[in-house]
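Enquirer: structure of the sequence below:
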Amino acid sequence: MSAKKQQRLEVVILAAGKGTRMRSSLPKVLHEIGGKSLLGHVLDTAVGMGADAIHVIYGHGGETVPESFPDHKVDWILQAEQNGTGHAVQQAVPHIKKEATVLVLYGDVPLIKNHTLQGLVDKARTGKLSLLTAVLADPAGYGRIVRDSNQKILRIVEKKDASQEELQLNEINTGFLAAPSELLKKWLAKLENKNAQGEFYLTDIIAMAVEDGTGVISAQPENEWEIMGVNSKIDLAALERYLQNHIARGLLEQGVTLRDPFRIDVRGKLTVAQDVIIDVNTLFEGNVTLAEGVIIGPNCVLKDVEIGSGTIVLANCVFDHAVIGKDCRIGPFSRIRPEAKLANDVHIGNFVEIKKSDVADGSKINHLSYVGDTTVGKKVNIGAGTITCNYDGANKHRTVIGDNAFIGSDTQLVAPVTVEAGATIGAGTTLTRDAPAGELTLSRSKQKSISGWERPKKK
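Expert: Residues are numbered from 1 along each chain as shown. Okay, the predicted model is just below:
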């Protein structure tokens, strides 16, 4: 087969396993690391490889698995009865086109690198069977690679079928392989289930490739964690740590200062510029962008957030679907909720919540306030204990606060209402009508003291 004819790449992902040891009703491949399902990681890898077709063999969990990926262009193939890895790949055979290279991946082995897999594919495009192996200090549980005196691969023996001598071998089969489609189909058709498990082993095609003279070429991953699979919650937790440590190392290499690389979690994509500082116990979800010089304090949670240069986020803040400008100061204990947009040099203080609001340059909301469905102008000062009463029990209404307005402490702004530019609202006011520009508006009952009044006492 010519190299030109082998340019098409088809990926087969085995994802039908039950995962009994996970002790969960959720299909194993839908459990998450780094904020993404195991199978989601593998699908992204296949797409990143430039696959012309992706075939996913699913079984346990039924339609829950394909329904979890409505936006992926995938050929979903149901394996109603699980009879081994060879049987699983056999299900994909009718869907695989001629003159393609087939790459076999696993839905519960999520961290394999594209660079590693590309080496397998390139070797397979020479017309041979390409196999990913690894040398482990503790090969327990894995099938062993059996080589001849010239170090050529002869076969793979599964642990349950291995002799005591073969169990001493420490080169293992990772399960990843690539092969020309026509050869793979021929070998799969010859598989038998004469083994301890009574299953059709995909690994048996190795001996077939040796026997018919095709030959087997091996490759090895750069990192042992690339080939680690998940069979239990212990495995899942271990793989999460490998992933997070890998992400943290990448951030450090980009110049980010991490106060403790072991106390950061990224469940999505974190994009950073120079001189970013991230303190301990921080969690990033979705797509987060931190511009130059941003400082993130400890114990913060940021989800789908964009933060401008020079902004400081103090401890214990929670941001969700928000855009924050340059040179802001936020926190501690601030909550910025969806559709909030803060411009430049905005100060948001402790126990302040902002939701679906635009806050313009230089405005300050420093203490114990709630601002929702509001347009806040430039250089506005909102005092402690202020709330916008934006919900009437059925509908949300908007509040507008003009430039240079001053809102006194303990004010309630009952929307829809407008505070015009330069207006001052006296402390303790409940504002139900628009406040005119440049004037003081307040509403207070007359203060009085009642002589002789006694506080009630317990009987």
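Enquirer: helices along the protein, start to end?
Expert: For the chain, the helices defined by DSSP state H cover 38-48, 64-67, 85-90, 114-124, 164-167, 181-189, 205-211, 233-253.
Enquirer: between the ones you listed, which gets nearest to S218?
Expert: Proximity to S218 (C-beta to C-beta) singles out helix 114-124 among the helices of the chain, at 8.6 Å. Placement of C-beta: from N, CA and C, glycine included.
Enquirer: so for the closest one, what's the average pLDDT?
Expert: The pLDDT scores in helix 114-124 average 95.
Enquirer: next, the buried residues of that helix.
Expert: Across helix 114-124, burial judged by 16 or more other C-beta atoms under 10 Å covers T116, L117, Q118, G119, L120, V121, D122, K123, A124.
Enquirer: can you add distance to G59 and give those residues back as a markdown table?
Expert: Formatted as a markdown table, these follow (distance: C-beta to C-beta, whole Å):
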| residue | distance to G59 |
| --- | --- |
| T116 | 27 |
| L117 | 24 |
| Q118 | 29 |
| G119 | 30 |
| L120 | 25 |
| V121 | 26 |
| D122 | 31 |
| K123 | 30 |
| A124 | 26 |
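Enquirer: D161: which of those residues is nearest?
Expert: L120 (24.8 Å).
Enquirer: K457: how many residues sit nearby?
Expert: Number of residues near K457 (other C-beta atoms under 10 Å) recorded here: 5.
Enquirer: mind listing what I77 touches?
Expert: Counting by C-beta atoms under 8 Å, 6 or more residues apart in numbering, I77 touches H55, V56, I57, Y58, Q91, A92, H95.
Enquirer: so A92 sits against I54, correct?
Expert: No: assessed by C-beta atoms under 8 Å, A92 is found out of contact with I54, at 10.2 Å.
Enquirer: comparing these two, which residue is more hemmed in?
Expert: A92 (25 against 22).
Enquirer: for the more buried one, what are its contacts?
Expert: A92 is in contact with V12, H55, I57, D75, I77, counting by C-beta under 8 Å, 6+ apart.
Enquirer: the same query, at a cut-off of 7 Å, please.
Expert: If you count contacts by C-beta atoms under 7 Å, 6 or more residues apart in numbering, A92 has them with V12, H55, I57, I77.
Enquirer: who touches the third one in this structure?
Expert: It stands for I57. Contacts of I57 by C-beta under 7 Å, 6+ apart are V12, I13, L14, A15, A16, I77, Q79, A88, Q91, A92.
Enquirer: where does the stretch 201-350 of the chain dip in pLDDT?
Expert: By pLDDT under 70, the stretch 201-350 of the chain contains no weakly predicted segment.
Enquirer: just to revisit the earlier point, pick out the most distant pair among the contacts of A92.
Expert: The two members of the contacts of A92 with the most space between them (C-beta to C-beta) are V12 and I77, at 8.8 Å.
Enquirer: which neighbours do the two share?
Expert: Shared contacts of V12 and I77, defined by C-beta under 7 Å, 6+ apart, are found at H55, I57, A92.
Enquirer: and which of those residues is nearest T45?
Expert: When those are compared for distance to T45 (C-beta to C-beta), H55 comes out closest, at 14.3 Å.
Enquirer: I figured that closest one was touching K73, is that so?
Expert: No: counting by C-beta atoms under 7 Å, H55 sits too far from K73 to count as a contact (11.4 Å).
Enquirer: what about the two, which has more around it?
Expert: H55 (23 against 10).
Enquirer: who's in contact with that one?
Expert: Neighbour list for H55: E10, V11, V12, D75, I77, A92, H95 [criterion: C-beta under 7 Å, 6+ apart].
Enquirer: please consider this matter closed, and thank you.
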